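Colleague: Have a look at this fold, sequence not included:
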């Protein structure tokens, strides 16, 4: 069973039936602009975090139809022969702009703008939304956890709780948002995310005693390792650990019970045994609220699994991909017309948009200005779109570390309410201006 | 950027550090039994649905370490050279049994049993849990939606709301649970799930009028197609649709507004226009409760997206992979010893288990019997484990249709309370018996 690198069939059936009908009708070649945005942030969150853009650029480069895929599409009647011939030559030749990875976003922020013919741009809808909806959901949850941890390092360890490939992307998104390490080895190999991990309960159970298990682990990994101390009796395990490793023992991990109470007891015990530098790592069903509640506990690091990879209650970012403008005719220079649906409860706003993060004299963001006109930013304002693909060529690739640094910067710029965990309004309001943004000063 | 078929790095770092320590200690070769089970069902659900087993068999076959992966592991200090040499030769040679796909499961049901050396079996933990936690979560949610739809067909269309690779697996899991079709083309190509789809709002907006768009779609897809009627004004769109397609129009789709109210209005309008056979498909943020609430509405099919791919509130099945028995020494015939951790709130039950679905004289399941002894099922009882891998060879592969049929059968066998959507107890209790199951009769 071949997994394959191709991304062209990670696509909804109807993208291809629309393509076929538009090709036949002669409308497929009309210039079009699609935008990706979220109508709201989930669960009263204060901000969202852009992630996945780098993966999307890879996916668009690999979005081509091979013979086996075309054979599937024609044999199953998804497309007719003329459409298959068009698909055989398909390669995205348009332009893409977007918020760079790590940037914060808000309701209606146009985090991606895709410009091309209708035909070439509509085909990217599904894979673009899949990647961005997943990665933004994870990064947005991860960022809140990082804030809740207030400088203590976070280990991402949720691989086992999500789809095996989503796990790799989740580790990447969490790293952008500020997680220190991941348990996922493929994320280490593919994206350079630092990996970490030592032992599970099974390792203790494999051996004839906890003492045997600890000795084996110390012999292999050295005294700086982290010993898991809650397989049988925590106090006994901590005593055994320090007895075997001495005060240079790197860390102990607690995975069950009341983590705050246990951390305090273990800290006292470690100190009484002279292991004052031995760190305490806690794991086990932690989310941003659980992390925050341990703020005064003597904890040196957190491992987060399920809640990270499931977006802590918001497993998808609810981003949509909407046609906002298209040409009246097939000529490359035909005038563009804003378009919008009027569906009850889900209307869209027509016209291609620019976005500006308004920043006041103190360096604090004050609003997200979105305009269908020409943006004219003030001296401290930031234009949020960067070029990602130009005439089909990827121009927006960057090291993951840049995205990680950008996120820290973008978050620092927001008003202090941004990092409140409670439900509420977005940290800054989104304002629409038709016909251009006037400078603040 | 190469995606790669290999699955060996879809693994938590600590599986390899445990391996290394056990290799050095001489305990890596001890026979071991790991079991996969869920401590509880999420959100008061009445049953879970096993899915992902077929994918897991594929993943285990591809679980080998290539030179690039080994280079990554040694260069980054994840493993030492002797461990890398062991990994280079790694191939799972043990045995796996499990509940077949589509089978219902309950708290503590041992849905997978992995037997091998500790070393070879511990390495599979992460990928086994990733696959089963994701696919079981989706199938379990999907099955409730199928029950709520009471015979009306369901279209899976959630690809854009989840990770691009998880989307393919979600479509497969939903099909096992009884969904009729998916929008995901890769699920069609890879797994043979029937695909479906016609057009989005963007197609209407691309054209100079809704009438132009409908004409173009009908010309391409024929009058049996489904026209999307809520881009501007539903009533006007339905009139246009029937005017253009005639009474043979296949279906109309409503994606917004109060779907029950809209469906009734559209049904009346279609009937008044003579389009009595034209079906009505509704989409838009439906979950099992939304589907059930439309039971009396004149709806002919449902499209389900977000709630399906996010497990309708339970995006992971919370399955764990626990060591339950291991040999005292490295000899192949060394006696096995049950093992269990005693962690607060998360204890495990030692010993390798068999599982029996107890079925009464009326053919109704009465309980899930789990035993560490030899099971002796009564005449209607079903032994739930089937062989999946024997001495490293996959023996449990089957067509997806078999899993789909099995699920329908397994669900029919449960008491009627199983299909209640309300929160409550599992449909049948789980009972533990030490030393064998006594027959009922």
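Modeller: Structure received. Because the structure is a prediction, the values reported are computed rather than measured. Residues are numbered from 1 along each chain as shown, chains lettered A, B, ... in the order given.
Colleague: per the record, what domains does chain A have?
Modeller: A:13-138+A:314-433, A:198-293 (automatic domain parsing).
Colleague: could I get the ones you listed as TSV with distance to residue B:63?
Modeller: Every C-beta, even on glycine, is put in place using the N, C-alpha and C of the backbone. Written out in TSV, the entries for those read as follows (distance: least, Cβ to Cβ, whole Å):
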stretch	distance to residue B:63
domain A:13-138+A:314-433	24
domain A:198-293	18
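Colleague: These: which one's closest to residue A:181?
Modeller: If you check each of the domains of chain A against residue A:181 by Cβ to Cβ, domain A:198-293 wins as the nearest, at 11.1 Å.
Colleague: what about the closest one, near chain B?
Modeller: Yes. On the criterion Cβ under 8 Å from any Cβ of the partner chain, domain A:198-293 is in touch with chain B at A:198-208, A:212, A:215-217, A:219-221, A:230-233, A:255-257, A:284.
Colleague: and those, which are buried?
Modeller: If you count burial by 16 or more other Cβ atoms under 10 Å in any protein chain shown, the buried members of these come out as A:198-207, A:215-217, A:220-221, A:230-232, A:255-257, A:284.
Colleague: Residues in contact with the helix or strand hosting residue A:186: which ones?
Modeller: Assigned by DSSP states H and E, residue A:186 belongs to helix A:185-191. Under the criterion Cβ atoms under 8 Å, 6 or more residues apart in numbering or on different chains, residues A:167-168, A:171-172, A:175, A:182, A:193-195, A:400, B:1, B:9-13, B:16, B:68-69, B:72-73, B:76, B:78 lie in contact with helix A:185-191.
Colleague: C-terminal to that helix, which secondary structure element comes first?
Modeller: Using DSSP H and E, the helix or strand that follows helix A:185-191 in sequence is helix A:201-206.
Colleague: what's the closest residue to chain B within the stretch 51-200 of chain A in contact with, if anything?
Modeller: Closest approach of the stretch 51-200 of chain A to chain B (Cβ to the nearest Cβ) occurs at residue A:197, with a separation of 3.2 Å. Residue A:197 sits next to A:157, A:183, B:12-17 when contact means Cβ under 8 Å, 6+ apart.
Colleague: Tell me which two of the residues you listed sit farthest apart.
Modeller: The widest separation within these, taken as Cβ to Cβ, falls between A:157 and B:16 and amounts to 14.2 Å.
Colleague: which of the two has more neighbours?
Modeller: Applying other Cβ atoms under 10 Å in any protein chain shown to residue A:157 and residue B:16 shows that residue A:157 carries more neighbours, namely 29 against 24.
Colleague: Wait, that one touches residue A:180, no?
Modeller: No. With contacts defined as Cβ atoms under 8 Å, residue A:157 does not count as touching residue A:180, sitting 11.6 Å away.
Colleague: which residues in the stretch 101-250 of chain A form strands?
Modeller: Listed in chain order, the strands found in the stretch 101-250 of chain A under DSSP state E, counting those that start in this stretch are A:104-105, A:112-117, A:154-156, A:181-182, A:226-228.
Colleague: Format those as TSV; extra columns: distance to residue A:46 and mean neighbour count.
Modeller: Below are the strands of the stretch 101-250 of chain A laid out as TSV (distance: least, Cβ to Cβ, whole Å; neighbours: other Cβ atoms under 10 Å in any protein chain shown):
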stretch	distance to residue A:46	mean neighbour count
strand A:104-105	9	28
strand A:112-117	21	22
strand A:154-156	19	27
strand A:181-182	25	27
strand A:226-228	33	27
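Colleague: Any chance of these in CSV with distance to residue B:242 as columns?
Modeller: Compiled in CSV, the strands of the stretch 101-250 of chain A are given as follows (distance: least, Cβ to Cβ, whole Å):
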stretch, distance to residue B:242
strand A:104-105, 42
strand A:112-117, 32
strand A:154-156, 54
strand A:181-182, 55
strand A:226-228, 67
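Colleague: of the ones you listed, which approaches residue B:423 most closely?
Modeller: When these are compared for distance to residue B:423 using Cβ to Cβ, the nearest one is strand A:154-156, at 31.0 Å.
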